[in-house]
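Participant: Got a sequence here, can you model it:
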Amino acid sequence: MSDAVRPTEPIASIEQYRDLLERLNRDWRIEGYVSADGSLARRALYRVRRVLARLLGPQETFNSELVQLVNTLAPILSSLEQVERYREALAARERRMETAFDQLRAEQQELRTVVAEAGPLIPARHRQMLLSILDLGQVTVNDIMIPRQEISAIDVQENWDDILDQLRQTPHTRLPVYDGELDKLFGILHMKRVAQELARGTLTREKLIEVASSREPYFVPESTALTVQLSQFQRNRRRLAFVVNEYGDIEGLVTLEDILEEIVGEFTTDPATITHRDIHPERPGVYIVNASATIRALNRALQWHLPTDGPKTINGLLLEQLETIPDPGTTLKVGDYQFEVLQIADNAIRTVRIHAPAVDEVTATG
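Facilitator: Coordinates of the predicted model:
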């Protein structure tokens, strides 16, 4: 107990005693609630008992005040003891979880070693698939999602003829439907149903809204691991999900095919098909790239080594480096890669020219 509440002379009146209790309680709250070793309740309880015994032992006149003080402090001490027990249980659980994670990481590393040392016993493609499965838990939906601005969706407020053209020309089997802005998403439109209504000549705006509303959109947090999301797709019998940030805003779209492609590679007969969409070779070692392409996709397609521990897209990477929206013609270097901004639109970098280092020079057709 501090000197602020230690009596220096006998207590002569009930007023002095009440003042002492008030100061004792105030000082005890400051010192008792903060404990370096974490034993909050026990230390506080022992100290209060000791102080009360020293100060109030022979003074039977003030027994009623003592009872009142104990009755006031008892619920607090009880709560502190419960908190302490809960804290100890949480700490033990965290230690068990950390031990389990360490064992899992060790097992994964052992599996990696086994796969790597298998050599000719496992075909190279199968070996890569096994390694990709081991990496799946380290990748989140945010790493592989289709960015918000590239989501193909239908706005029911658009001109009806434009909506019909979009329905006829879309290569997708499912289309999100929203009202005015993407964050007002209300349903998913399956093109099989649309084809049936078009064949009957019964497709109207109202019917389209009705069909889309029958399938509610499915949302997932941006930090969800791919292993978790794969299980959720299976459990919920879904094939696509909308990725949302901490504020509930839609950041992008992830599909079952996106996750499977992380394991087996692109679903295409020509491995270069994906690069034709976002990567266009200009000459050996130089590429024209869609800046919305993900860094992971470029690294995988061209065997590059761009940093993946920050922004997910080329646009995000360059904006982070420049800390401003650049003008066309701006050049900068990230690691061993030289970037030149070619096109800007809607406050974002749209197209860039990338000069790869000599050791990484590969053609987009591999």
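Participant: Okay, strands next: where are they in the stretch 151-300 of the chain?
Facilitator: For the stretch 151-300 of the chain, the strands defined by DSSP state E, counting those that start in this stretch occupy 154-155, 174-179, 181-190, 219-221, 240-244, 250-255, 279-283, 286-290.
Participant: Would you single out the least confident of those?
Facilitator: Comparing mean pLDDT over the strands of the stretch 151-300 of the chain, the weakest stretch is strand 279-283, at a mean of 90.
Participant: Which among the strands of the stretch 151-300 of the chain is found nearest to residue 301?
Facilitator: Among the strands of the stretch 151-300 of the chain, the nearest to residue 301 by CB to CB is strand 279-283 (6.4 Å). In short, each C-beta sits where N, CA and C put it, glycine included.
Participant: quick one: the closest one to chain centroid distance?
Facilitator: Taking CA atoms, centre = their mean, to the nearest Å, one finds strand 279-283 lying 33 Å from the centre of the chain it belongs to.
Participant: cool, stretch 145-152 as well?
Facilitator: A distance of 17 Å separates the centroid of the chain from that of stretch 145-152, by CA atoms, centre = their mean.
Participant: averaged over its residues, what pLDDT does it have?
Facilitator: Here stretch 145-152 scores 88 as its mean pLDDT.
Participant: sorry, back to before: out of the strands of the stretch 151-300 of the chain, nearest to residue 210?
Facilitator: Ranking those by distance to residue 210, with CB to CB as the measure, places strand 181-190 first at 9.1 Å.
Participant: low pLDDT regions in the stretch 201-350 of the chain?
Facilitator: Screening the stretch 201-350 of the chain residue by residue with the criterion pLDDT under 70, one finds the ranges 266-276.
Participant: Tell me where it has helices.
Facilitator: In order along the chain, the stretch 201-350 of the chain carries the following helices (DSSP state H, counting those that start in this stretch): 205-213, 226-236, 256-264, 273-278, 295-302, 314-322.
Participant: Turn the ones you listed into a markdown table, including distance to residue 339 and mean neighbour count.
Facilitator: Listed next are the helices of the stretch 201-350 of the chain as a markdown table, based on distance: least, CB to CB, whole Å; neighbours: other CB atoms under 10 Å:
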| stretch | distance to residue 339 | mean neighbour count |
| --- | --- | --- |
| helix 205-213 | 40 | 16 |
| helix 226-236 | 28 | 15 |
| helix 256-264 | 26 | 16 |
| helix 273-278 | 15 | 16 |
| helix 295-302 | 12 | 19 |
| helix 314-322 | 6 | 19 |
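Participant: Tell me which of the ones you listed lies nearest to residue 193.
Facilitator: Of all the helices of the stretch 201-350 of the chain, it is helix 205-213 that lies closest to residue 193, at 5.1 Å by CB to CB.
Participant: and the closest one, what other elements does it pack with?
Facilitator: Using 3 or more CB pairs under 8 Å, 6 or more residues apart in numbering; DSSP states H and E as the contact definition, the elements that helix 205-213 packs against are helix 160-169, strand 174-179, strand 181-190, helix 191-200.
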